[in-house]
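S.K.: 3D model of this:
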Amino acid sequence: MRTYAIGDIHGHLDLLKRQHALIAADMARHGEAPIVHIGDLVDRGPDSAGVVEYLREGIAAGRDWVVLKGNHDRMFAGYLRDAGFKDPGLRADLSYLHPRIGGAETLASYGVRAAGDRPLAPVHAEAVAAVPAAHRAFLETLPTSFRRGEAIFVHAGIRPGVALEDQTEDDLLWIRKEFLEDTRDHGALIVHGHTAIDRPTHYGNRVNIDSSAAYGGPLSAVVLEGREVFHLTPEGRVALRP
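M.R.: Numbers count the residues shown, from 1 in each chain. Predicted structure coming up:
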């Protein structure tokens, strides 16, 4: 059973389209299969609005794409609902428009300028007016996990020892230490992002595909054949092994 997956996008529409092109080339050789986008569509990069529209339009057109919710997607949707929204996973000293989060770059892609340097109320009013209702609905209704064959796809990871149906959204979108340091078999291979690393890496019980696009690194795509994982490159598939 073949499945493709793409790591954390963070507003890089150009990089996303390149990965879709690599996947299309692989599909031409091996056949069609779903593409899972692991979340964090928005923030930090230059064209979050373009990423959301591209993925929304693709799904509306019937493409076999799955788009999961990342913590940055939840923060953006929460901010649009309420300027004072505080995601429970976010550090107390940070907010959506803090430079470390990248929300101002997302709002700029919708035409709201200098969001981090102006009073909160007018910026929020401009943002609510600028972001299309279709984008808000898309972000609000993203699923938090996807299971196919021998793999479970989530944004951040899972709470070890807890069944998938009992996982909390906070853990699926934010977990790190408890998941990353756990070496036990989870019953399925967990494919995730959220924790930025240099390149897609297979750890035996999980595969991290966040290759730091948010910080100037590449965006990465992998293909799974059962529990076998391959990194897609312009030269073809490269096997990822624990």
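S.K.: distance of the residue in the chain sticking out farthest from the centre from Lys86?
M.R.: The outermost residue of the chain relative to its centre, with distances by CA atoms, centre = their mean, is Pro119 at 29.4 Å. In this view, Pro119 and Lys86 are 19 Å apart by CB to CB, to the nearest Å. Quick note: C-beta positions are derived from backbone N, CA and C, even for glycine.
S.K.: just Pro242 next, same as before
M.R.: Distance from Pro242 to Lys86, by CB to CB: 38 Å.
S.K.: what about the two, which has more around it?
M.R.: A count of neighbours by other CB atoms under 10 Å puts Lys86 above the other of Pro242 and Lys86, at 14 against 10.
S.K.: pretty sure that one sits against Ser95.
M.R.: Yes. Assessed by CB atoms under 8 Å, Lys86 is found in contact with Ser95 at 7.4 Å.
S.K.: about what we covered before: please tell me how far the residue farthest from the centre of the chain sits from Tyr96.
M.R.: 15 Å.
S.K.: just the residues contacting the host helix or strand of Val229, thanks.
M.R.: If you go by DSSP states H and E, Val229 is part of strand 228-233. Contacts to strand 228-233, defined as CB atoms under 8 Å, 6 or more residues apart in numbering, come from residues 4, 19, 22-23, 26, 189, 191, 199-200, 202, 207, 220-224, 237-240.
S.K.: same question for stretch 109-127.
M.R.: 11, 46-50, 79-80, 83, 97-99, 103-104, 107-108, 130-131.
S.K.: try 7 Å this time
M.R.: Contacts of stretch 109-127 with the rest of the structure, by CB atoms under 7 Å, 6 or more residues apart in numbering, involve 11, 46-50, 80, 83, 97, 99, 103-104, 107-108, 130-131.
S.K.: and stretch 132-147, by the same measure?
M.R.: So stretch 132-147 is in contact with 36, 52-53, 56, 66-69, 73, 76-77, 80, 152-154, 164, 169, 172-173, 188, going by CB under 7 Å, 6+ apart.
S.K.: please state the offset of stretch 186-199 from the chain centre?
M.R.: Chain-centre distance of stretch 186-199: 11 Å, with CA atoms, centre = their mean, to the nearest Å.
S.K.: can I get it as PDB, trimmed to CA atoms?
M.R.: These are the backbone C-alpha positions of stretch 186-199, laid out as PDB (Å, rounded to 0.1, in the frame of the first residue of the first chain):
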ATOM      1  CA  HIS A 186       3.600   2.000  18.600                       C
ATOM      2  CA  GLY A 187       1.900  -0.800  16.600                       C
ATOM      3  CA  ALA A 188       2.100   1.300  13.400                       C
ATOM      4  CA  LEU A 189       4.800   3.500  12.000                       C
ATOM      5  CA  ILE A 190       4.200   7.100  13.100                       C
ATOM      6  CA  VAL A 191       4.900   9.600  10.300                       C
ATOM      7  CA  HIS A 192       5.200  13.200  11.700                       C
ATOM      8  CA  GLY A 193       6.700  16.600  11.500                       C
ATOM      9  CA  HIS A 194       6.700  19.500  14.000                       C
ATOM     10  CA  THR A 195      10.300  19.000  15.300                       C
ATOM     11  CA  ALA A 196      12.600  20.600  12.700                       C
ATOM     12  CA  ILE A 197      15.700  18.500  11.700                       C
ATOM     13  CA  ASP A 198      18.100  18.600   8.700                       C
ATOM     14  CA  ARG A 199      16.500  15.800   6.600                       C
END
